[in-house]
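> with the sequence up front, the predicted model follows.
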Protein chains: 2
Amino acid sequence: MNFADRLLQAIDDRKNPSIIGLDTELSKVPVFLQEKHQKAGSDPFQQASACMLEFNEHILDAIKGIVPAVKVQIAFYEQYGWQGIRAFQETVARAKRLGFVVVIDGKRNDIGNTARAYANAHIGTVDVFGKKLAGFDADAVTVNAYLGSDGVQPFVDTIKQLGKGIFVLVKTSNPSSGELQDLSCDGRKIYEVMAGLVDRWGKETVGERGYQSVGSVVGATYPKEAESIRRLLPRSIILVPGYGAQGGGADDAMPCFNADGYGAVIHSARAVIYAGSGPDYAEKARAAAEKMRDDITVSLKKKGIYPW
Amino acid sequence: MNFADRLLQAIDDRKNPSIIGLDTELSKVPVFLQEKHQKAGSDPFQQASACMLEFNEHILDAIKGIVPAVKVQIAFYEQYGWQGIRAFQETVARAKRLGFVVVIDGKRNDIGNTARAYANAHIGTVDVFGKKLAGFDADAVTVNAYLGSDGVQPFVDTIKQLGKGIFVLVKTSNPSSGELQDLSCDGRKIYEVMAGLVDRWGKETVGERGYQSVGSVVGATYPKEAESIRRLLPRSIILVPGYGAQGGGADDAMPCFNADGYGAVIHSARAVIYAGSGPDYAEKARAAAEKMRDDITVSLKKKGIYPW
């Protein structure tokens, strides 16, 4: 089944266009949980990974049924070497088993064979002695397209073959994103050029509901830029970081939605997963996820585009 | 010791400004080695990883003393999940033990805390229950800077603290690199804007020999663009892919060198590591690495900038 269709179905089922980030950092895990794992073994990276995995499992169990999708930020796990990647891989697998749409935030990018390897690793399969096997096997992965079409095509091939998706960085949420992305080339900003490319790359990945499986990333911290981008890629689902901890509210994310009330998923990580620090941290995360959903609901209704 | 100084010393010791890529793909490993590992166990990803690691170890042993640096392309290992990353991590560790300068080709990019996590993972250390521990612990990593300074600063902090390095993508070697990188903004190409940023980011990382530890990536397939870039970042060491399999020769890489005969390292992977397919594959790789060194020597002498 087409990735865009699957994501929209998951959003409909929960009446909630949000995606929660498992940006799990060991030092931010509740202290009681850190202490539990610190005593358990001898390899520090193994202890760290087990601690992060247990934290993730409780968070996933708590937000299940409320949140349609999770985004797992691989950078935080890479810090702990292969043991960290093992916890990452098990987190992705568990989230999938629980019915979440799972996006890897990896911002991967390369060319030719190497881009193909990244597509295989994150959303595809790899040939091992004649058998096709899946590695991380997420539903989608974020992609940085500074290298142009050569770097994106292998991902698009996988999308078409396996019903997966990508989200391409267009206008990022950080203060210095304008250094490159806001430059004007023949009257068009670089982020507008990128938006046009994303629209083109996604042409052959459009699902039954009219959205394409080549999504885009546009920060909630730049609502004006989002308006122009939304017009340039009407069929792309926009992943919107910057809500909550980065200073953007649900209202700021509204320009990323289409008039049908679809076309965007709003991302939050820290404000949800670190909502509590005691033994009730998972319940606190659940409450924060519900509050975020309600906040988005208010903004969508205010704008008159609440679809449910 | 400053990364740029260490890299130049390694180049001087071997009179060879080249870097060999461990772009190890299971299907390209000699068949006899695949067969050996296929029989050895039950988990296919474990077998694949053991096979790739043994291949790498023999290649490293063979090119030691001839080649100053290796670049390990993490994408190929990610395909095999955490087991692949384990083989990757052990490859990096072994290359360091053998005295190679080790560059991870990861093209990592993100912002704030997340960029910090990537810097920790690849070239830095991470705090685990109060202890500072290193993960991959390479000498340098490649970085994609589409997100601007916010994404690069955490790497620069690590460079200054631990004597490590990065190579920032400026003008990539692939056919479609121009879609974004060649756009003109107020008379400057995007790759020229990026070159100016790289020069600025590296200002406080200059070593005793006048080169900075913030390097750049410029494809040998674009020699004219390389001339303009070389002028814009005189102190940056340019990593030059595109030699060999991608169609560029040593002459095409010459514009990346400064008049002192330094300032560039030429990269080749497939033409060296897959030079042979029989039991003598490592010797063949050694011979290919020597041929590449001699080819570069001829070009440097022809241009009158051979420094030894």
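On my side now, so go ahead.
> residue A:227: neighbour count?
Residues near residue A:227, counting by other CB atoms under 10 Å in any protein chain shown, number 12. Quick note: C-beta positions are derived from backbone N, CA and C, even for glycine.
> so the host helix or strand of it, near chain B or not?
Per DSSP states H and E: residue A:227 is located in helix A:223-232. No - using CB under 8 Å from any CB of the partner chain, helix A:223-232 never reaches chain B; the gap is at least 14.2 Å.
> alpha carbons of that helix, in PDB - could you do that?
Extracted in PDB, the C-alpha atoms of helix A:223-232 (Å, rounded to 0.1, in the frame of the first residue of the first chain):
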ATOM      1  CA  PRO A 223       5.300  30.100   8.700                       C
ATOM      2  CA  LYS A 224       5.600  32.700   5.900                       C
ATOM      3  CA  GLU A 225       8.100  30.600   3.900                       C
ATOM      4  CA  ALA A 226       5.700  27.600   4.500                       C
ATOM      5  CA  GLU A 227       2.900  29.400   2.700                       C
ATOM      6  CA  SER A 228       5.000  29.800  -0.500                       C
ATOM      7  CA  ILE A 229       6.300  26.200  -0.200                       C
ATOM      8  CA  ARG A 230       2.800  24.800   0.300                       C
ATOM      9  CA  ARG A 231       1.700  26.300  -3.000                       C
ATOM     10  CA  LEU A 232       4.800  24.800  -4.800                       C
END
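> residues in contact with that helix?
For helix A:223-232, the external contacting residues (CB atoms under 8 Å, 6 or more residues apart in numbering or on different chains) are A:170-171, A:189, A:191-192, A:195-196, A:199, A:216, A:218-220, A:238, A:240, A:248, A:252-258, A:263.
> switch the cut-off to 7 Å
For helix A:223-232, the surrounding residues in contact (CB atoms under 7 Å, 6 or more residues apart in numbering or on different chains) are A:170-171, A:191-192, A:195-196, A:199, A:218, A:252, A:255-256.
> what strands flank the helix or strand following it, and is each parallel or antiparallel?
Downstream of helix A:223-232, the first helix or strand assigned by DSSP H and E is strand A:236-240. Note on strand A:236-240: by DSSP bridges, its sheet partners are strand A:212-218 (parallel), strand A:264-268 (parallel).
> for the helix holding residue A:227, what is the average pLDDT?
Taken as a whole, helix A:223-232 carries a mean pLDDT of 94.
> re the thing from before, for the strands paired with strand A:236-240, give me JSON lines that also has distance to residue B:78 and mean pLDDT.
Shown next, in JSON lines, are the strands paired with strand A:236-240 (distance: least, CB to CB, whole Å; pLDDT from 0 to 100):
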{"stretch": "strand A:212-218", "distance to residue B:78": "21", "mean pLDDT": "97"}
{"stretch": "strand A:264-268", "distance to residue B:78": "23", "mean pLDDT": "97"}
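> would you list the ones you listed in JSON lines and tack on distance to residue A:16?
Shown next, in JSON lines, are the strands paired with strand A:236-240 (distance: least, CB to CB, whole Å):
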{"stretch": "strand A:212-218", "distance to residue A:16": "17"}
{"stretch": "strand A:264-268", "distance to residue A:16": "9"}
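> closest one to residue B:68 among those strands?
When those are compared by CB to CB, strand A:212-218 sits nearest residue B:68, at 38.1 Å.
> what does the closest one rub up against?
A:2-4, A:142, A:156, A:159, A:165-172, A:195, A:198, A:201-202, A:205-207, A:226, A:229, A:233, A:235-241, A:256.
> same check on stretch A:201-209?
Contacts of stretch A:201-209 (CB under 7 Å, 6+ apart): A:2, A:4-5, A:8, A:152, A:156, A:159-160, A:212-214, A:235-236.
> now, the most widely separated pair of those?
Farthest pair in the contacts of stretch A:201-209, by CB to CB: A:8 and A:152, 22.3 Å.
> look up the residues forming beta bridges with residue A:126.
residue A:133.
> so it versus residue B:178, what's the distance?
Using CB to CB, to the nearest Å, residue A:126 is found at 30 Å from residue B:178.
> now do residue A:175
28 Å.
> what's the spacing between residue A:26 and residue A:80?
For residue A:26 relative to residue A:80 (CB to CB), the value is 8 Å.
> helices of chain A, residue ranges please.
According to DSSP state H, chain A carries its helices in the segments A:3-14, A:31-38, A:44-63, A:74-78, A:81-97, A:112-123, A:149-162, A:178-181, A:190-201, A:223-232, A:250-253, A:270-273, A:281-302.
> any buried residues in stretch A:81-94, and which?
Within stretch A:81-94, the residues that count as buried by 16 or more other CB atoms under 10 Å in any protein chain shown are A:81-92, A:94.
> just for the stretch 201-308 of chain A, where's the confidence low?
Counting by pLDDT under 70, the ranges of the stretch 201-308 of chain A that qualify are A:245-246.
> list the residues that contact residue A:290.
residue A:66.
> try 10 Å this time
A:16, A:63, A:66-67, A:272 (CB atoms under 10 Å, 6 or more residues apart in numbering or on different chains).
> what's the answer for residue A:109, then?
Residues near residue A:109 by CB under 10 Å, 6+ apart: A:115, A:118, A:142-147, A:151-152, A:155, A:168-169, B:75, B:106-109, B:144, B:146, B:169, B:172.
> which ones among those are found in strands?
Using DSSP state E, the members of the contacts of residue A:109 that fall within strands are A:142-143, A:168-169, B:106-108, B:169.
> farthest pair within those residues?
In these, two members sit farther apart than any others by CB to CB. They are A:168 and B:106, at 18.5 Å.
> gap between the residue nearest in space to the middle of chain A and chain B?
With distances taken as CA atoms, centre = their mean, residue A:71 lies nearest the centre of chain A, 3.9 Å away. Going from residue A:71 to chain B by CB to the nearest CB, to the nearest Å gives 11 Å.
> and if you look at residue A:232?
15 Å.
> where does the stretch 1-150 of chain A dip in pLDDT?
In the predicted model, the stretch 1-150 of chain A carries pLDDT under 70 at residues A:40-41.
> go again with 80.
A:39-42 (pLDDT under 80).
> residues in contact with the nearest residue to residue A:49 once chain neighbours are set aside?
Once flanking residues are discounted, residue A:49 sits nearest to residue A:87: 3.8 Å by CB to CB, 6 or more residues apart in numbering or on different chains. Contacts for residue A:87 were tallied using CB under 10 Å, 6+ apart; they are A:24, A:45-46, A:48-56, A:76-77, A:80, B:82.
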